[in-house]
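In: what follows is a predicted structure for the sequence shown.
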Amino acid sequence: MSPLFSADVSFGGSDIKKAASKSTKAKANKVMNNDILPHDGHADEEHSPMEIDCKEWPQGALSNDSQARRLFVFRSTGDSSDKYRALLLDMFSKTSRVTRKDFNTRAAQLNLPEPSRKDWMTVQQDLLERYGNRHVHWFLRGTSAIVAVNL
């Protein structure tokens with residue numbers, strides 16, 4: 001069975017939110033560790049990745065992946081950076097790499113305020129990675145080694 005990858009999830013806020021987040025994070029860890037997938041490879045309806053707001057990334061972006069890995073992303077985590085997370089994921093659905101300048105330009109076009117340093121760091125740690133000496137470009141976490149081969 002192929003391994004599952006996902007961006008790390010960071011949580012914060014009230015005790016109730018933290019408790020709910022721990023439950024969500026526990027389910028996410030089960031998805032990532034194949035703990036909830038039966039041997040036939042199909043997700044159990046009761047614990048599917050979609051139940052925890054987890055979306056499988058399109059395979060077209062990973063077409064050069066010789067190991068046929070699947071990538072899952074969380075569109076929202078319930079914190080203040082969700083609007084920036086959604087914007088980045090929309091940008092990555094159209095291209096394999098982005099720059100901070102592209103991100104700020106697109107956010108301005110959508111009348112989103114520039115993210116605070118905390119929001120940017122949260123999104124950056126959860127979703128983004130750099131590859132090699134391409135320090136200007138950001139890749140979606142888990143895809144840089146696959147996508148950068150064609151650059």
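Out: Perfect, I can see it now.
In: where does residue 3 land on pLDDT?
Out: We note a pLDDT of 34 for residue 3 in this prediction.
In: swap in the one 10 residues further on?
Out: Per-residue pLDDT puts residue 13 at 36.
In: could you do residue 143 as well?
Out: For residue 143, the model assigns a pLDDT of 72.
In: do residue 102 as well
Out: Residue 102 is given a pLDDT of 90.
In: in a helix, it, correct?
Out: Yes. Counting by DSSP: H, G, I helix; E, B strand; the rest coil, residue 102 is found in a helix.
In: surely it meets residue 92?
Out: No. Here residue 102 does not reach residue 92: they are 11.0 Å apart, not a contact under C-beta atoms under 8 Å. All C-beta atoms are positioned from the backbone trio N, CA, C, and that covers glycine.
In: of the two, give the one with the bigger neighbour count.
Out: residue 92 (22 against 14; other C-beta atoms under 10 Å).
In: give me the nearest residue to that one, chain neighbours excluded.
Out: Sequence neighbours aside, residue 140 is the residue nearest to residue 92 in space, at 4.8 Å (criterion: C-beta to C-beta, 6 or more residues apart in numbering).
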